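fold the following and give me the result.
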Amino acid sequence: QVQLVESGGGMVQAGDSLRLSCVVSARTFSWYVIGWFRQAAGKEREFVAAISGNSESTSYADSVQGRFSVSRDNIKNTVHLQMDNLKPEDAAIYYCAARFRAPNAAVSTNHRAYESWGQGTQVTVSS
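This next block holds a predicted model:
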């Protein structure tokens, strides 16, 4: 069973930055696509970003393109989501998720494609 633990959430002001981290307990970490999703109160879970096992493939939601950046360290079994120029509409619980695939596999933006999930970390952005 793959376990994921997010950290780095907090309360910031609009325009500030946060860096979320996701530590994954997996022996073959490079064989997992990692996705970031978020869910605001009263809204459905939505895709934010994803990265392939070899880091060659990434994908971003249109709403965060140019402001968020996803990266991974396959030695430390960690994925980071760097969030810059945060907006109030970015406020949500952020989840990382894992999907077992070959290192060069394309990423998926569909949350149903991911098999394992973390517990989430809260991001609050005040205007």
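
contacting residues around Lys76?
If you count contacts by C-beta atoms under 8 Å, 6 or more residues apart in numbering, Lys76 has them with Val23. Placement of C-beta: from N, CA and C, glycine included.

next, it: secondary structure please.
coil (DSSP: H, G, I helix; E, B strand; the rest coil).

now Trp36
Trp36 - assigned by three-state DSSP - is strand.

grab the nearest non-local neighbour of it.
Computed as C-beta to C-beta, 6 or more residues apart in numbering, the closest residue to Trp36 that is not its neighbour in sequence is Val48, at 4.2 Å.

mind listing what's buried in the helix or strand harbouring that neighbour?
Mapping Val48 onto the secondary structure by DSSP states H and E places it in strand 46-51. Going by neighbour count (16 or more other C-beta atoms under 10 Å), the buried part of strand 46-51 is Phe47, Val48, Ala49, Ala50, Ile51.

the nearest residue to the first one once chain neighbours are set aside: how many residues sit nearby?
Distances taken as C-beta to C-beta, 6+ apart put Thr109 closest to Phe47, at 4.3 Å, once the chain neighbours are dropped. Here the count is done by other C-beta atoms under 10 Å, and Thr109 has 15 residues near it.
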